[in-house]
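*Asks:* what follows is a predicted protein model with its sequence.
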Amino acid sequence: MAGNKIPRVPVREQDPKVRATNFDEVCYGYNNEEAMLEASRCLNCKKPRCVDNCPVSINIPGFIMKVSEGDFAGAASIIAEDSSLPSVCGRVCPQEVQCEGACVLGIKNEPVAIGKLERFVGDWNIAYGSGEVVKEAPNGKKVAIVGSGPSGLACATDLAKWGYQVKVFEALHRVGGVLEYGIPEFRLPKNGVVAREVDNVKRLGVEFETDTVVGRTVTIDSLLDEEGYDAVFLGSGAGLPKFMNIPGENLNGVVSANEFLTRTNLMKAYDESYDTPIYVGDKVVVVGGGNVAMDAVRTAKRLGAHATIVYRRSEAELPARAEEVHHAKEEGIEFEMLTNPVEILGDEKGWVTGMKCVRMRLGEPDESGRRSPVVVENSEFEIPCDVVVMALGTMPNPLIASTTPGLETNRWGCVVATEEGATTREGVFAGGDVVTGAATVILAMGAGRKAAKAIDEYIKSK
Amino acid sequence: MFRILKKRELAPDIWRMDIEAPRVAHSAKPGQFVIVRASENGERIPLTIADYDEEKGSVSIVIQTIGVSTRKIVALEEGGYLPDFAGPLGRESEFVHEPIEELKKKKILFVAGGVGAAPVYPQVKWLHEHGVEADVIVGAKNAQMHIMTEEMRAVAGNLYLTTDDGSLGFHGLVTAKIKDLIDNHGKHYDEVVAIGPMIMMKFVAATTKEYNIPTIVSLNTLMVDGTGMCGACRVTVGGKTLFTCVDGPEFDGHQVDFDEAMRRQGMYRTIEQRKAHIEAERAAGHKCKIGLDK
């Protein structure tokens, strides 16, 4: 069938009015027929541009051909060569600037729904896959992984397959890192997807130790010297929230997106059977324009508040995935673009009552290539609200670097590492947000896999 | 899972539990705390470390039942398990890094209020084990509410007990006892460490300010993760915003904005009170038919 004649198969979603009141997943995903039909649109290009634009170079046409033939197990094993988290990445990757952004069909029509197909294959594999484990014989070497987020899981998966004894140390009480505490249930189901992908890693023999804060409970040194690990992979992410340092930021009702989302996702504040308190009031304003800001504002809406995004640039510069912005709008989120807070206002008891803002306009492009926002004079105005959520980005936690002699960090607090993941400390490798600063799941996963290779080479050369 | 090795009531609604947590016991130092969760749907709550025994691999916590979560912890029995026990968190007390000879020259006064005696104990004990004798004031509402007195007496230089009602020791607040020691008994102190309710620490800091005595306080702010991730524990110290969990919990008491800290502590109070109330009603067998517990 000529691929470009069939329109992109729409994906079924929960009605926006209904889903804005619950935490169930927004997107239902494709069924077998829909997936096969959508897969048939792929032109199977000789020089697939989608693969070049995938941070982990998944053989995209290869797995899509298998889907179009109805060989879902075959598709799963093709993806597994390059990705250990297809159900996650199919849901959270910014496909529009990666694989789908490069799809030839997208020039005149709509690109192949690569993300939705990847998700379909991942979910099919969770539900029907054989769960068969192929791994090499144990080689007697031990590797410790710090952090159970995407980079740690990916690194652990490869090393376990190659016969290493791998243990993952997690500071929180649940495994998954940002997949567990950061990304909301309505975008990435915890028990249905995250826990199942983690189960796949456990099946390879990888051990997990929760409630262990590296830098406090144990140190990198104690893992290497006392516990006999041959190498350590540092995938502890970027968990430290940023604030604006404007007046009123410590009023009751101002929280970081990390706190707001951790209370809801990890601590299940939306579920009455959990003890976790959360405060939304009537009106929540979220400051920021990334995926975390969208997650926070849509969470606030679901918790019953009138929810608004305040962002200092224009809509075209929003760093969030296009789909999240689209979903947020459908759900009735308000957007105050070209707006920047200058002060949080409070009552005499110290509770938030509003936010003083200024309007912005776009000036010259800055070093990131985006046009930098400039304050419009005399444009001050107030937005009344009860809660302000700061979603301004995150930095790596200094806890590990400050307790690991010889581990260098740069001026943003990120661990200095080579492309392959080698740090300035022998035997210690790093990848993901702890190296790059807050980025994407797929980049972290890719970095974890590269580091696994480097760790393998390092241990074999010892 | 972390086994509860021992549990006993120290005073009305104040319990001590010894928890099997070898890694925490191995790494714990004076001044640090742990994050505990009592059940799968429970909150993560910060609790100070009251003692630790590396050989036994045990860590002791003291819990005063003040809400849903603390009651859940105390409802667990000896031989049972806490699902989560993470730590040691926070920075250790500064004196741990001071040369012992310098410490020996210093006269340190610890001031504990109520369950604040628990986190003060490992600090005084550490100093005692390193040949430094520190004076300790422990204040409580009445004689019955005093905890860990014998342990404290064994490691403290001079131990002064105070009660609000005069049923034991000095009749009055700990701040009055500080003044009494300095003004009437010729005592001189180079440093004060105060741990207890926020309001007590505020007034101790105000008192020591009059005498120009450097004062350390240990803040018990709200926390979620306890590792620097959420920022719920933000506190203003000397005009700068710091995180209690990673920058503290010990700060210069003369620099802390206590009024803000106390206000922030109450951020979720009404929500928690509501939850506690619903919990109590449920426990009493009440089933809400009109959905008020939703």
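*Replies:* Yep, it's here.
*Asks:* where in the chain is pLDDT low?
*Replies:* No chain in the question, so chain A it is. Where chain A drops to pLDDT under 70, the residues are A:1-4.
*Asks:* that's the other chain; I wanted chain B
*Replies:* Residues of chain B that meet the criterion pLDDT under 70 lie in B:272-280, B:287-294.
*Asks:* helices of that one, start to end?
*Replies:* B:22-27, B:68-75, B:100-105, B:117-129, B:149-155, B:174-184, B:198-211, B:244-247, B:258-265, B:269-283 (DSSP state H).
*Asks:* ok, the stretch 201-350 of chain A next?
*Replies:* In the stretch 201-350 of chain A, the helices defined using DSSP state H, counting those that start in this stretch lie at A:220-221, A:257-264, A:291-302, A:322-330.
*Asks:* any chance of the ones you listed in CSV, plus mean neighbour count?
*Replies:* All C-beta atoms are positioned from the backbone trio N, CA, C, and that covers glycine. As requested, the helices of the stretch 201-350 of chain A are exported to CSV (neighbours: other CB atoms under 10 Å in any protein chain shown):
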stretch, mean neighbour count
helix A:220-221, 20
helix A:257-264, 27
helix A:291-302, 26
helix A:322-330, 18
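*Asks:* for chain B, what is the nearest residue in the stretch 51-200 of chain A?
*Replies:* In the stretch 51-200 of chain A, the residue that lies nearest chain B is A:His173 (4.4 Å; CB to the nearest CB).
*Asks:* can you give the domain ranges for the chain?
*Replies:* All of this refers to chain A. Per automatic domain parsing, the domain ranges recorded for chain A read A:3-128, A:142-239+A:395-461, A:243-392.
*Asks:* ah, I was thinking of chain B
*Replies:* Segmentation of chain B into domains, based on automatic domain parsing, reads B:2-89, B:94-217.
*Asks:* and the shortest one, how far from the chain's centre?
*Replies:* In this case it means domain B:2-89. On the basis of CA atoms, centre = their mean, to the nearest Å, domain B:2-89 sits 12 Å off its chain's mean C-alpha point.
*Asks:* close to chain A: what parts of the stretch 1-150 of chain B are there?
*Replies:* B:23-24, B:27, B:37, B:41-44, B:68-69, B:72, B:83-89 (CB under 8 Å from any CB of the partner chain).
*Asks:* swap the cut-off to 6 Å and go again
*Replies:* Residues of the stretch 1-150 of chain B found near chain A (CB under 6 Å from any CB of the partner chain) are B:23, B:27, B:41-43, B:68-69, B:84, B:86, B:88-89.
*Asks:* please list only the buried members of those.
*Replies:* Buried by 16 or more other CB atoms under 10 Å in any protein chain shown: B:23, B:27, B:42-43, B:68-69, B:84, B:86, B:88-89, out of the residues of the stretch 1-150 of chain B next to chain A.
*Asks:* tabulate those (a markdown table), appending distance to A:Val389.
*Replies:* Output for these, formatted as a markdown table (distance: CB to CB, whole Å):
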| residue | distance to A:Val389 |
| --- | --- |
| B:Arg23 | 34 |
| B:Ser27 | 34 |
| B:Gly42 | 24 |
| B:Glu43 | 20 |
| B:Val68 | 25 |
| B:Ser69 | 24 |
| B:Asp84 | 26 |
| B:Ala86 | 25 |
| B:Pro88 | 30 |
| B:Leu89 | 25 |
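*Asks:* quick check: the two most widely separated of those residues?
*Replies:* Longest distance between any two of these is 29.4 Å, between B:Ser27 and B:Val68; criterion CB to CB.
*Asks:* relative to A:Asp82, how far out is the nearest residue to A:Ile220 once chain neighbours are set aside?
*Replies:* Nearest residue to A:Ile220 in three dimensions, chain neighbours excluded: A:Thr404, at 4.4 Å (CB to CB, 6 or more residues apart in numbering or on different chains). For A:Thr404, the distance to A:Asp82 (CB to CB, to the nearest Å) stands at 31 Å.
*Asks:* quick one: which of the two has more around it?
*Replies:* Per other CB atoms under 10 Å in any protein chain shown, whichever of A:Thr404 and A:Asp82 has more neighbours is A:Thr404, with 22 against 19.
*Asks:* tell me the contacts of the residue of the stretch 51-200 of chain A closest to chain B?
*Replies:* Counting by CB atoms under 6 Å, 6 or more residues apart in numbering or on different chains, A:His173 makes contact with A:210-211, B:84.
*Asks:* three-state assignment of it?
*Replies:* Following DSSP: H, G, I helix; E, B strand; the rest coil, A:His173 is assigned to coil.
*Asks:* which other residues reach stretch B:246-265?
*Replies:* Stretch B:246-265 has contacts (CB under 6 Å, 6+ apart) with A:250, A:350, B:31, B:90, B:198, B:202, B:205, B:209, B:215-219, B:228, B:235-238.
*Asks:* gap between A:Val352 and chain B?
*Replies:* 11 Å (CB to the nearest CB, to the nearest Å).
*Asks:* give me the element A:Ile383 is part of.
*Replies:* A:Ile383 is part of strand A:381-384 when elements are defined by DSSP states H and E.
*Asks:* quick one: strands adjacent to that strand?
*Replies:* strand A:352-365 (antiparallel) (DSSP bridges).
*Asks:* tell me the strands beside the helix or strand just after the partner strand, with direction?
*Replies:* Once strand A:352-365 ends, the next helix or strand along the chain (criterion: DSSP H and E) is strand A:371-375. The pairing partners recorded for strand A:371-375 under DSSP bridges are strand A:352-365 (antiparallel).
*Asks:* skipping its backbone neighbours, what lies nearest residue 151 in space?
*Replies:* Using chain A here. Of all residues not flanking A:Ser151 in the chain, A:Gly432 sits nearest, at 3.1 Å (CB to CB, 6+ apart).
*Asks:* looking at chain B here, not the other one
*Replies:* B:Tyr121 (6.0 Å).
*Asks:* tally of neighbours for the one you found?
*Replies:* If we define neighbours as other CB under 10 Å, then B:Tyr121 has 29 of them.
*Asks:* now do it against chain A, distance only.
*Replies:* Relative to chain A, and taking CB to the nearest CB, B:Tyr121 is found at 21 Å.
*Asks:* tell me, how many residues neighbour the residue in the stretch 351-462 of chain A that chain B sits nearest to?
*Replies:* Relative to chain B, the nearest point of the stretch 351-462 of chain A is A:Asn397 (5.0 Å; CB to the nearest CB). Other residues near A:Asn397 come to 24 when the count uses other CB under 10 Å.
*Asks:* before we move on, what about the one 5 residues further on?
*Replies:* Around A:Ser402 sit 13 other residues, with neighbours defined as other CB under 10 Å.
*Asks:* so what's it closest to, chain neighbours aside?
*Replies:* Nearest non-adjacent residue to A:Ser402, counting by CB to CB, 6+ apart: A:Gly215, 7.2 Å away.
*Asks:* that neighbour: what's it in contact with?
*Replies:* Here A:Gly215 is in contact with A:399-400, A:403 (CB under 6 Å, 6+ apart).
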